[in-house]
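Asks: dropping the sequence and predicted coords here.
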Amino acid sequence: MVQKRRIVSESPSPAKAGPRPEDRRGPHAPAHPVRQAEYVLTVANDLQLPPPGPPEIAFAGRSNAGKSSAINALANRSRLAFTSRTPGRTQQINFFRMRSGALLADLPGYGFAAVPQALKRHWQEFLARYLATRQSLVGLALVLDARHGVSLLDRQLLARYLPSGRPVLVLATKMDKFTPSAQRVAQCAIEREIAECFPVHAAQVTVVGFSATRRIGIEAAEAMLSRWLGEWAHDGGDTGFADANSGGRKERAPRSRGMARGPKDPR
Ligand code: GDP
């Protein structure tokens, strides 16, 4: 008989009183793994993926769910991942390099109706392959609009990914739209939905109430990403990572600052 397992829940409430994270030092200081991440490259198919190397965390979600805003909030930058004016247009994976050398893969938003059916299928297959087989992937951050819960496409994505045994951080975002008590209700509803859909894999999933605009859930999300990254959560030196376009040579990431157009909308 299949046994239901509890989803790990993280409170969306702001940090408890104590020293500011920035003021704490030492090996056990809280890490901000995505902070100061920089854009590295954009890939449009499997062949362009960088060779698996440093640990990688993927961010996925429906178009307009708030994925770019969540990445920007975690990076503490306003225009690292570009928020969409035309949802669903970006059909590439954008890679960002964290200071440690670990990678963040910003997967294309899905579920935008105006994308032609054939292109949609191509992308679903590419994403499913990436999520199921990418060796260096250590975890998936799935961004959901907390007001809408878990969509069919979110469930399909989880169904392809969870059998890999790797963890998921659900960022239930736009929590600022709710009162504090309604935030808790919305988070519980998402946890329940996931537990019902994926009873065997529910323990792999952690739900965090999040808001990019109000910076709710940042610490909880950072703690989970840091756990996945281990020593790669902190600043590192030269990691030996070479991007897919460098022909195996080590390269510094191109700086995203000053780019006329961000990676969310490459031409
Ligand atoms: P993406 O398509 O998933 O990358 O979504 P975006 O990050 O571009 O956000 C889509 C829309 O939701 C934009 O209008 C954002 O300003 C808005 N948004 C994103 N995150 C939040 C949030 O935490 N709170 C609120 N109220 N709006 C948000």
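Replies: Yep, it's here.
Asks: bridging across strands, which residues link to the spatially most central residue of the chain?
Replies: Closest residue to the average C-alpha location of the chain: residue 59 at 2.5 Å, with Cα atoms, centre = their mean. When assigned by DSSP bridges, residue 59 has beta-bridge partners residue 106, residue 141.
Asks: what sits against it?
Replies: Residue 59 sits next to 67, 70, 71, 104, 105, 106, 107, 140, 141, 143 when contact means Cβ atoms under 8 Å, 6 or more residues apart in numbering. Heads up, the C-betas are built off the backbone N, CA and C, glycines and all.
Asks: doesn't the last one fall inside a helix?
Replies: The one in question is residue 143. No: read with DSSP: H, G, I helix; E, B strand; the rest coil, residue 143 is strand and lies in no helix.
Asks: which residues touch it?
Replies: Shown in contact with residue 143 (Cβ under 8 Å, 6+ apart): 59, 60, 61, 65, 66, 67, 70, 171, 173, 210.
Asks: could you measure from the closest residue in space to it that isn't next to it in sequence over to the ligand?
Replies: Distances taken as Cβ to Cβ, 6 or more residues apart in numbering place residue 61 nearest to residue 143, at 3.4 Å, with adjacent residues excluded. Separation of residue 61 from the ligand (Cβ to the nearest ligand atom, to the nearest Å) stands at 5 Å.
Asks: let me know the helix or strand that residue 61 is in.
Replies: Assessed by DSSP states H and E, residue 61 sits inside strand 56-61.
Asks: roughly how far out does that strand sit from the chain middle?
Replies: Strand 56-61 sits 4 Å away from the centroid of its parent chain (Cα atoms, centre = their mean, to the nearest Å).
Asks: ok, then the element right after that strand?
Replies: Downstream of strand 56-61, the next assigned helix or strand under DSSP H and E is helix 67-75.
Asks: same for the following helix or strand past that following helix, what does it pack against?
Replies: Following helix 67-75 in sequence order, the next helix or strand is strand 93-97 (DSSP H and E). Under the contact criterion of 3 or more Cβ pairs under 8 Å, 6 or more residues apart in numbering; DSSP states H and E, strand 93-97 touches strand 38-43, strand 103-106.
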